[in-house]
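# sequence-free structure coming up:
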């Protein structure tokens, strides 16, 4: 297939590109490199099936020029990835998630491209503690601009699918970690401990409890859902059934980095930042029915991420800054 | 109270302004007059409690200049009102519902304004025939840009409320009609029959069945909900328990205009236009618990609208065009 991956130079996007390339597809990555990293794609540079277009998805004209009616499927992953920054500047998520998605849909409509896979997120649900959210849960009350923008983008994907006869897959994943992570709690802890191995500041009380998915499990889910779900609009939660707290992650990071006597401090309050959802649970029976299981527990995903990042020169570079 | 009504020169907005002015509030209307009509507000022009700012809500800087920290409550009604046109040009709803709502929220945040009442719509739910949607129904699968934009705006309102300690009331009303209607099936039928009283073209098979609310009932609901619902974010459906078909409306219009022997034609298909939801049902038990009841049945609301529009010179002007 001819496949476009927006945000394809990012953590999740580039991992998806690896799998698509390995399956023999032709892949066009569209990425403004704001959060992504060209080095994640360096090994594809010489393939005639691979193309990198450095462009901002919000610029519809340029997007139309970069795409064409031969595209079979768009994985639309481009988004603001830094949830916490969205509090100080709500335009970040608004521009890079809502406006960018509208632009992508307009470009698809222009060329008559019919299939879109959209990575939404658990942030659409809001904050209801230990309540298990199903795909049919409502009302959706996002508490962050990240969640609000994912919800807005979902609506746009749904409307375009109905109005212009597209087919859509909308996934709402839990936290995703793994090699190439560019942000998030594991990455942040390691970066800070590289800089100062004697202390670790933890945002919130550390009891925040969530499911962490290994990116390899996530890409399995993407490809499975896209292949098997036949509805016009297909919503899927994506979560493992195991959870880990932020304090638990701190333990694993400190242990994985071979440190001891790290002084831990916690910031006030239960949440890491305004808009953080301290406890979130997603029902994943729908995707389980398609045959998907997480190969990594949350703890195993954290450990694998630590092991991969320990070998990653990016962390040393960031810690040296 | 000091109250802002965006879209306050429109059909619903100006009716709300009448009620707020009658209760002694100070009212600032912000309206770009694209869909509204200054004449709806002419009788307030000399009141020291009334101010009309002709401005587009998308222009955040101008909005900030027009508002101030003394504002107690914003009724945010400004939106693209023409659902069908949103199919040809999806930017209409995107700009005037999503971008405009983001702009309004940014202006509120700038001034520390804490209360927003947002008129969403039944369009957020999508198309599921006779299924009764509750406020907790999901997943939300809008089939029009109108519905998608309302959903996106709901998400933004929710996120801003949580991030910046605002309180929000989000109403999802059924079809609203009454004096000053500027579009919609009753208005369109009357306009076309004024032009040519011998025939009436009906979009779709005419069996579309929906609840129609009289605007006076709707304003009752707005004020009741805003006063009584104490949550941080308060979602409410708004619908009557009676319904009428498009063919039924045609009967009432033809009868109300004193016509006979009108030749009716139907366009192909069940729906009036792409994005139309032919049958929609909203559960309204939540708002009923607050004590709201529709005084008008759907048929009575249609009849009252016909009677009012028969006396309205706007229709003659439009028919003469």
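Structure's in. What do you need? All figures in this text were calculated on a predicted structure; none of them were measured in a lab.
# alpha carbons only for contacts and neighbour counts from here, please
Noted.
# check contacts around the spatially closest residue to residue A:125 that is not a sequence neighbour.
Excluding the flanking residues, the one nearest residue A:125 by CA to CA, 6 or more residues apart in numbering or on different chains is residue A:140, at 4.8 Å. Taking CA atoms under 8 Å, 6 or more residues apart in numbering or on different chains, we find residue A:140 in contact with A:124, A:125, A:126, B:155.
# what subset of the residues you listed is buried?
A:124, A:125, A:126, B:155 (16 or more other CA atoms under 10 Å in any protein chain shown).
# quick one: name the residues of the stretch 151-300 of chain A near chain B.
A:151-153, A:155-156, A:158-163, A:235, A:274-275 (CA under 8 Å from any CA of the partner chain).
# any chance of those residues in CSV, plus distance to residue B:61?
Formatted as CSV, those follow (distance: CA to CA, whole Å):
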residue, distance to residue B:61
A:151, 26
A:152, 23
A:153, 25
A:155, 28
A:156, 27
A:158, 32
A:159, 30
A:160, 31
A:161, 34
A:162, 35
A:163, 34
A:235, 38
A:274, 26
A:275, 26
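# which one of those is nearest to chain B?
Checking those against chain B with CA to the nearest CA, the nearest one is residue A:152 at 3.6 Å.
# and residue A:317, how many neighbours does it have?
Residue A:317: 11 surrounding residues under other CA atoms under 10 Å in any protein chain shown.
# please apply the same query to residue A:47.
Burial of residue A:47 is recorded as 11 neighbouring residues (other CA under 10 Å).
# am I right that it sits in a helix?
No: per DSSP: H, G, I helix; E, B strand; the rest coil, residue A:47 lies outside any helix segment and is coil.
# what residues of stretch A:159-176 count as buried?
Across stretch A:159-176, burial judged by 16+ other CA under 10 Å covers A:159-164, A:166-176.
# any idea how far stretch A:149-165 is from the middle of the chain?
Offset of stretch A:149-165 from its chain centre (CA atoms, centre = their mean, to the nearest Å): 19 Å.
# contact partners of it?
Under the contact criterion CA under 8 Å, 6+ apart, stretch A:149-165 has outside partners A:93-94, A:97-98, A:101-102, A:105, A:109, A:114, A:118, A:120-121, A:123-124, A:142, A:166-168, A:170, A:232-233, B:87, B:124, B:140-145, B:147-149, B:151-153, B:155-156, B:274-275.
# count of residues packed around the closest residue to residue A:14 other than its chain neighbours?
In this structure, residue A:14 finds its nearest non-sequential neighbour in residue A:8, 5.0 Å apart by CA to CA, 6+ apart. Residue A:8 has 32 neighbours, counted by other CA under 10 Å.
# and what about residue A:8, helix, strand or coil?
Once three-state DSSP is applied, residue A:8 turns out coil.
# check contacts around it.
By CA under 8 Å, 6+ apart, the contact list for residue A:8 reads A:14, A:16, A:17, A:29, A:30, A:31, A:36, A:77, A:78.
# 10 Å instead, please
A:14-18, A:27-33, A:36-38, A:40-41, A:52-53, A:75-78 (CA atoms under 10 Å, 6 or more residues apart in numbering or on different chains).
# and for residue A:89, the neighbour number?
Residue A:89 has 11 neighbours, counted by other CA under 10 Å.
# surely it touches residue A:145?
Yes: using CA atoms under 10 Å, residue A:89 is in contact with residue A:145, at 9.1 Å.
# got the domain ranges for chain A?
What automatic domain parsing lists as the domains of chain A is A:2-176+A:213-238, A:178-210+A:242-280+A:295-320.
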